[in-house]
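Asker: Kindly generate the corresponding structure for this input.
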Amino acid sequence: MVRKPGALAEFLRARRALVRPEQVGLVPGAARQVPGLRREEVATLAGVSTDYYVHLEQGREKRPSTQILDALARVLQLDYDTHTYLRALAGPDRPVWRTDQDLGNTHRTHRALAGLLQQITAPAMLVTPWLEVTARNKPADALYDGLPLRDNLARMAFLDDAVTRFVEDPDQLAQCTVATLRAAAGPPPHTPQMIELIEELSLRSDRFRQLWARHDIHRKGSAVKHFHHPTAGRLTLHQHVMTLPDHPELQLWIYQAEPGSDSEHAL
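Answerer: From the prediction side, this is the model:
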């Protein structure tokens, strides 16, 4: 399987530009003309030669050792998820996501899971790695009422004007959405659906292009979300995201209010 040329190099260039010299104990100096760190600074701090690091950023060296990757992660101040992503970029090629043609029982399983959603009293949805909502129960349908692009949460975050009235911090939603897509996409190759979504958002949203170029990584888990619902008012909900072990193409998202809270009453 052929890896997209330059994926590791592109990541290193993007992340190097985000680290300020003072964050790693360097004096910026008045003559600095590049955002972030210079290549030779990263090389020195990581304990490799400048030539070797230049080869990494040029895509001429694609298989650095684990020790070098860990050193680069330290210099570039990567968190756990982004460090894991860096290792994946330099690791063995991985298979593509499974498709409906590969899984004869996918549709049957999806129908069963969609039926399960209706037994859950809290808002619940089935979501793909490219943030397509493939099924939702009635409480989730009511929660997202009034958002025309709610069938894909990435399109909703960047292309739906109504989202600025629905969430408390639209910019934080945008950052989290892009980082979630980056984590879900992983190293190339990508699914056709992921490619189509990224190309569409890159074409239609300047903000998406800016955030996508940062290579931030965020894996969905538990979080507290604040919504401004047109009928129910302000809601504070715990979001729980669970990947289904037998079906990594799907995640179960559930929103839970604190028992006895105003948000529980509003739901």
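Asker: Strands of the stretch 101-250 of the chain, start to end?
Answerer: Per DSSP state E, counting those that start in this stretch, the stretch 101-250 of the chain carries strands over the ranges 124-127, 133-136, 223-229, 233-244, 247-256.
Asker: Determine which stretch of those is the most buried.
Answerer: The densest packing among these, expressed as mean neighbour count by mean count of other CB atoms under 10 Å, is seen in strand 124-127 with a mean of 22. Yep, even glycine has a C-beta here, placed from its N, CA and C like the rest.
Asker: Dump that strand to CSV, keeping only the CA atoms.
Answerer: Provided in CSV are the C-alpha atoms of strand 124-127 (Å, rounded to 0.1, in the frame of the first residue of the first chain):
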residue,chain,number,x,y,z
ALA,A,124,-27.8,9.4,21.7
MET,A,125,-26.4,9.2,18.2
LEU,A,126,-24.3,6.9,16.0
VAL,A,127,-21.4,8.8,14.4
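Asker: Relative to that strand, what are the paired strands and their orientations?
Answerer: In the sheet, strand 124-127 lines up against strand 133-136 (antiparallel), strand 247-256 (antiparallel) (DSSP bridges).
Asker: Flag whichever of those strands has the least confidence on average.
Answerer: Between the strands paired with strand 124-127, the one with the least mean pLDDT is strand 247-256; it has a mean of 87.
Asker: For that strand, what is the distance to the chain centroid?
Answerer: Mean-position distance between strand 247-256 and its chain equals 15 Å (CA atoms, centre = their mean, to the nearest Å).
Asker: that older thread, tell me which of the strands paired with strand 124-127 approaches Ser65 most closely.
Answerer: Minimum separation from Ser65 across these (CB to CB) falls at strand 247-256, 28.3 Å.
Asker: For Ala14, which non-adjacent residue is spatially closest?
Answerer: Nearest-residue entry for Ala14: His215, 4.4 Å, with adjacent residues in sequence omitted and distances by CB to CB, 6 or more residues apart in numbering.
Asker: For Arg39, give me its contacts.
Answerer: The neighbourhood of Arg39, defined by CB atoms under 8 Å, 6 or more residues apart in numbering, consists of Arg16, Thr50, Tyr53, Val54, Glu57.
Asker: Tell me, how many residues neighbour the third one?
Answerer: Going back to what we said before, that points to Tyr53. Tyr53 has 24 neighbouring residues, counting by other CB atoms under 10 Å.
Asker: again with Leu149
Answerer: The local packing of Leu149 (other CB under 10 Å) involves 17 other residues.
Asker: I figured it hits Phe158, correct?
Answerer: No: in this structure, Leu149 is not within contact of Phe158 by CB atoms under 8 Å, at 9.0 Å.
Asker: hang on, the earlier thing: tell me which of the strands paired with strand 124-127 sits nearest to Cys176.
Answerer: Comparing these by CB to CB, strand 247-256 comes nearest, at 13.2 Å.
Asker: contacts for that closest one?
Answerer: With CB under 8 Å, 6+ apart as the test, strand 247-256 has contacts from 97-98, 106, 109-110, 113, 120, 122-129, 134, 140, 143, 220, 225, 237-244.
Asker: CA atoms only for whatever helix or strand comes next after that strand - export them in CSV, please.
Answerer: If you walk from strand 247-256 toward the C-terminus, the next helix or strand you reach (DSSP states H and E) is helix 262-266. As requested, the backbone C-alpha atoms of helix 262-266 are provided in CSV (Å, rounded to 0.1, in the frame of the first residue of the first chain):
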residue,chain,number,x,y,z
ASP,A,262,-32.0,22.3,35.7
SER,A,263,-30.6,20.7,32.5
GLU,A,264,-32.2,17.3,33.4
HIS,A,265,-35.5,19.0,33.9
ALA,A,266,-35.1,20.9,30.6
